[in-house]
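A.B. asks: here is a sequence together with a model predicted from it:
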Amino acid sequence: MDVGSGDEDGVWDPSFGEPGIDAVAWVQESSTMMAVLAAERFERVASARREALAGPVPFRGASPEIIERSLRLELAAALQMTETAVARMLHTAEALVNRYPAALDALHGGRTTERHVDVLVELVDTVEEELREAVVPVAVRLAETCALGTFRRRLRALVDTVRAASLEERHREALTRRRVILEPSEDGMAWLLVHLPAVEGHAVMNRLDATARVLADQDGEERTLDQLRADVAGDILVDGQVAAYPEHARGIAATVTVTVPALALLDDAYADPAAPPVVEGVGPIPLSRARELCGAAASWMRVLTHPRPGSCSPSAATPTVPRPICAASSGGVRNAAKPPDAACPRTAATSTIKRPGQTAAAPTSTTSPRCARTITS
């Protein structure tokens, strides 16, 4: 369409449009054009990088790192972007052109967006090279059909499933990087960052949130939930048990829910690498970690699934007392109901927060047995 259409001076008139096409269609067309232009920019950025690295050697030579830094700074100045943003764009461009041409083609055709391909590169790059061939076609199809948030969740679940076979080894290596960092902030504030296993991280957050919500219900309380969670974290870490809290707030214990094939707890031979144990809100965890969490459970809940589609078959609750088949847990354990993720109601998979005097949540059973339970901090 001629940009001068609808105006004598050659200035585009936003009210001008072809008859029969509504405003949403015009916005959609503009988004498609943006996707096409983004694909062309990625190609040109990748070409600029290749030319820079393949160019004649500068006076006294220069390492590839110096050449790439020079290119980043030049692009940052030309595009009015930060060097960090340009570095990300260079990485995405190189990945799309050399590793994921199908995703670049989808962007060229306007079938997905620049944000989608950014997420695709970020997540698929974490997959081992020999496994990517199985992931990329599915990832591209999801990028073309799913909204961004749904796409990110489904692609992350796909990546976790594909990488489940190496989860045990990767988790052991990741454990060596756990640490606590204090970063100064403005106005006398600071960030306290804790890098720890996801199971414990969610348990900590659950406890902070539950305690904060109890305090928020007290008469005269004016702090927001964010402020209360921060204050609770500081009180507990500095003072341990806080006597000033209401009694039912002091006794709150955080829980996380684990779903694991029951036979896999007995023997590795029954474990399916493609279906690892799952913690609600966290994702797959190593089988050895699931055995620790289930080891000291006072009772378990059996979940039954249909052998073919994997959907839950509702039936009466049948909690059972476990035999000593697992290694002892590193902490106290309590139980909660959690059916498999497949096609179960989300309410049945909610983690529980126990308070003094409460019993464990009544398990529900819903045709291969699985063991689900929770851990408390």
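C.D. replies: Okay, I see it.
A.B. asks: who does the longest helix along the chain touch, helix- and strand-wise?
C.D. replies: In the chain, taking DSSP state H as the definition, the longest helix is helix 23-54. Helices and strands touching helix 23-54, by 3 or more C-beta pairs under 8 Å, 6 or more residues apart in numbering; DSSP states H and E, are helix 64-79, helix 83-98, helix 101-108, helix 114-124. The C-beta positions use only the backbone N, C-alpha and C, and glycine is treated the same way.
A.B. asks: can you list contacts of the last one?
C.D. replies: This means helix 114-124. 34-35, 38, 42, 88, 91-92, 95-96, 100, 103-104, 106-107, 132, 135-136, 139-140, 143, 148, 151-152, 155-156, 159 (C-beta atoms under 8 Å, 6 or more residues apart in numbering).
A.B. asks: give me the buried subset of those residues.
C.D. replies: Buried subset of those (neighbour count, 16 or more other C-beta atoms under 10 Å): 35, 38, 42, 91-92, 95-96, 100, 103-104, 106-107, 132, 135-136, 139-140, 143, 151-152, 155, 159.
A.B. asks: so where's this structure shaky on pLDDT?
C.D. replies: Along the chain, the parts satisfying pLDDT under 70 run over 1-21, 56-62, 242-243, 247-256, 281-282, 295-300, 302-377.
A.B. asks: how about the helices in it?
C.D. replies: Under the criterion DSSP H, the chain contains helices at 23-54, 64-79, 83-98, 101-108, 114-124, 132-145, 148-162, 167-175, 198-216, 225-239, 247-250, 262-266, 287-295.
A.B. asks: as a markdown table, these with distance to Met189 would be great.
C.D. replies: Output for the helices of the chain, formatted as a markdown table (distance: least, C-beta to C-beta, whole Å):
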| stretch | distance to Met189 |
| --- | --- |
| helix 23-54 | 38 |
| helix 64-79 | 30 |
| helix 83-98 | 23 |
| helix 101-108 | 41 |
| helix 114-124 | 30 |
| helix 132-145 | 39 |
| helix 148-162 | 30 |
| helix 167-175 | 29 |
| helix 198-216 | 18 |
| helix 225-239 | 10 |
| helix 247-250 | 25 |
| helix 262-266 | 45 |
| helix 287-295 | 34 |
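A.B. asks: which one, of these, ends up nearest to Glu186?
C.D. replies: With C-beta to C-beta as the criterion, Glu186 lies closest to helix 225-239 of the helices of the chain, at 15.6 Å.
A.B. asks: now do the buried residues in the closest one.
C.D. replies: Leu228, Arg229, Ala230, Asp231, Val232, Ala233, Ile236.
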